[in-house]
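Peer 1: model this:
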Amino acid sequence: MCLMASMVREKKISPVELVDEHLKQIERQNPSLNAFVEIFADEARAGARAAEQSLMRGETPGLLHGVPVTVKDSFDIAGHATLCGSRFRRDHRAAHDASAVARMKDAGAIVLGKTNCPEFLSNYETDNAITGRTNNPWNLDRTPGGSSGGESAAISSFCSAGGIGSDGGGSVRIPAHFCGIAALKPTPGRVSAAGHFPQIAHPGGLLGVAGPMARTARDLRLLFAVLTGYDTEDPFSVPFPLRSLPAKKVQIGVWPQFYDVPVDPEIGVAVDHAAAKLASIGMRVEPFQPRGMERAPNVWWFFFGQLSAPLMRDLIRGREDEAHWTGTEFMHRALELPEPSGVDVVTQLGIRDRMRASLLHQMEETPVLLMPPCGVTAFPHRSRRWKVGDQEIGLFQAMMPATPFNLFGMPAIVIPYGMSSEGLPIGIQLVGRPFEEELLLDLAVQLEEARGPFPGPTAMGIAP
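Peer 2: Numbers count the residues shown, from 1 in each chain. Modelled structure (predicted):
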């Protein structure tokens, strides 16, 4: 993305050529991946021609001038449906662009299309009753993750330079880990989620955020510079300026797994290698195991699953046959528990706040944590339990390295850092303190440079 933007500015490649090559790649790869809900070929070509004419007139280009991007189908694009994977949204048409989409366009980006997601973003797999299942570019029998699975598959397969997803429980980070790309879950309020469905407002906005996805951390940094900024339409938005936070001799705490919940040994090796590389480039790397966070995933589940399940039940009441399993799997599990009361909500908020304050206190001298993003690599479609070492874990346990940081509103970035023996990418996760995205991004760029180039899914016959 950075390279593309630079080449366009220097007139080494035209926006028309760039968009055409990406549309050809979509034509080649999307039939097997099913990453796209809608492809805007005519609109994208028209936008590319306009971008090229702007350059010829000598106008100052934006940061993303002529760069092809994609948008998760949970963000509004004016004149198009925001289906969010659901038959219940078939008649929807957006009147305005979501704020994140508008900011990418204002920076000169050209939107190629909207990418697939599970119904109502309620799953770690990308499948729905309208556009069907998305496959992982590295292995079509595996999921690209969810809920930003279409976006991760499009970027990983070189159909898109980057774009925007959303994350309420790992939904940009897990797909990035599964597909070998990079993704940033920012602090709530730094990237506007106005124009997203479901609405990211209270109480769901405590967990969910909009976040950039791309192939590299360097590209994420460019996208973040475009996307960040105050927006009155987002109730969580804060007037917090973009700043420089260089990562120099930062103390990094290595948290190898969530307490006694195991991770795939090959993921552990990738974390160890990343820790060693960080030490070699001058960072202070120490073991880290926070105290008192054991129930964080359960509290996250209260807000993500239990609190929303009655709303979902009421939404589909009488039309249950139109709902897809990706939208109801977690709902059915949550409805097995007592329906939350107002007292329960206040109690859980208090528990959340105390845990968050405790963790941030423990991170005063260790502003960055290095962790796995997930307990497993990209799993076969619809599998739910896996052997990890000599133990077995389920989906809830596998996601424990990701979900606490939605609960606590802390930024986290995932970049690829290894390959499994099955030929699947492995990511590592860097977690920071609130509003310190710039530090995480700088550290991730340094780590990426020390790691060297990461391959694409060429084993699937996919090439840039």
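
Peer 1: and the most centrally placed residue in the chain, what pLDDT?
Peer 2: A centroid search over the chain (Cα atoms, centre = their mean) returns residue 172, at 1.4 Å, as the residue closest to the centre. The score at residue 172 is 98. That number is its pLDDT.

Peer 1: Would you mind confirming that it is in contact with residue 213?
Peer 2: Yes: at 5.5 Å, residue 172 counts as touching residue 213 under the criterion of Cβ atoms under 8 Å. From N, CA and C alone the C-beta is placed, and that goes for glycine too.

Peer 1: Which residues are in contact with each of these two?
Peer 2: Common neighbours of residue 172 and residue 213 are listed as 148, 151, 152, 165, 183, 184 (criterion: Cβ atoms under 8 Å, 6 or more residues apart in numbering).

Peer 1: Could I get the average pLDDT for stretch 248-255?
Peer 2: Summarised as a single mean, pLDDT over stretch 248-255 is 97.

Peer 1: Show me which positions of it end up buried.
Peer 2: 250, 252, 253, 254, 255 (16 or more other Cβ atoms under 10 Å).

Peer 1: re earlier: which of the shared contacts of residue 172 and residue 213 tops the neighbour count?
Peer 2: Across the shared contacts of residue 172 and residue 213, neighbour numbers were computed from other Cβ atoms under 10 Å; residue 151 holds the maximum, 39 neighbours.

Peer 1: Does it touch residue 74 like I think?
Peer 2: No: counting by Cβ under 8 Å, residue 74 is not a contact partner of residue 151; they are 9.8 Å apart.

Peer 1: so residue 386 is in which element?
Peer 2: Element membership of residue 386, judged by DSSP states H and E, is strand 385-388.

Peer 1: for that strand, packing partners?
Peer 2: When contacts are defined as 3 or more Cβ pairs under 8 Å, 6 or more residues apart in numbering; DSSP states H and E, strand 385-388 sits against strand 391-394.

Peer 1: State the mean pLDDT of the very next helix or strand once past the strand it packs on.
Peer 2: Going down the chain from strand 391-394, the next helix or strand is helix 395-398, by DSSP H and E. The predicted model gives helix 395-398 an average pLDDT of 98.

Peer 1: ok, the residue lying closest to residue 92 once chain neighbours are set aside - contacts?
Peer 2: Ranked by Cβ to Cβ, 6 or more residues apart in numbering and with sequence neighbours excluded, the top spatial neighbour of residue 92 is residue 81, at 5.0 Å. If you count contacts by Cβ under 8 Å, 6+ apart, residue 81 has them with 38, 89, 90, 92, 93, 94.

Peer 1: Restricting to C-alpha, output the longest helix along the chain in PDB.
Peer 2: Ranked by residue count and defined by DSSP state H, the top helix of the chain is helix 342-362. As requested, the backbone C-alpha atoms of helix 342-362 are provided in PDB (Å, rounded to 0.1, in the frame of the first residue of the first chain):
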ATOM      1  CA  GLY A 342     -29.700  -4.400  35.300                       C
ATOM      2  CA  VAL A 343     -27.800  -5.300  38.500                       C
ATOM      3  CA  ASP A 344     -25.800  -7.900  36.600                       C
ATOM      4  CA  VAL A 345     -24.700  -5.300  34.000                       C
ATOM      5  CA  VAL A 346     -23.600  -2.800  36.700                       C
ATOM      6  CA  THR A 347     -21.800  -5.600  38.600                       C
ATOM      7  CA  GLN A 348     -19.900  -6.800  35.500                       C
ATOM      8  CA  LEU A 349     -19.000  -3.200  34.600                       C
ATOM      9  CA  GLY A 350     -17.500  -2.800  38.000                       C
ATOM     10  CA  ILE A 351     -15.500  -6.000  37.700                       C
ATOM     11  CA  ARG A 352     -14.300  -5.000  34.300                       C
ATOM     12  CA  ASP A 353     -13.100  -1.600  35.500                       C
ATOM     13  CA  ARG A 354     -11.200  -3.000  38.400                       C
ATOM     14  CA  MET A 355      -9.500  -5.600  36.300                       C
ATOM     15  CA  ARG A 356      -8.600  -3.000  33.700                       C
ATOM     16  CA  ALA A 357      -7.100  -0.600  36.300                       C
ATOM     17  CA  SER A 358      -5.100  -3.400  37.800                       C
ATOM     18  CA  LEU A 359      -3.700  -4.500  34.400                       C
ATOM     19  CA  LEU A 360      -2.700  -0.900  33.500                       C
ATOM     20  CA  HIS A 361      -1.000  -0.500  36.800                       C
ATOM     21  CA  GLN A 362       1.000  -3.700  36.200                       C
END
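
Peer 1: counting contacts, what elements does it pack onto?
Peer 2: In this structure, helix 342-362 makes packing contacts with helix 296-301, helix 404-407, judged by 3+ Cβ pairs under 8 Å, 6+ apart.

Peer 1: what's next to the helix or strand just after that helix, contact-wise?
Peer 2: With elements assigned by DSSP H and E, the helix or strand that comes after helix 342-362 is strand 368-371. Residues outside strand 368-371 that contact it (Cβ under 8 Å, 6+ apart) are 247, 250-256, 271, 274-275, 278, 285, 288, 363, 401, 428-432, 439-440, 443.
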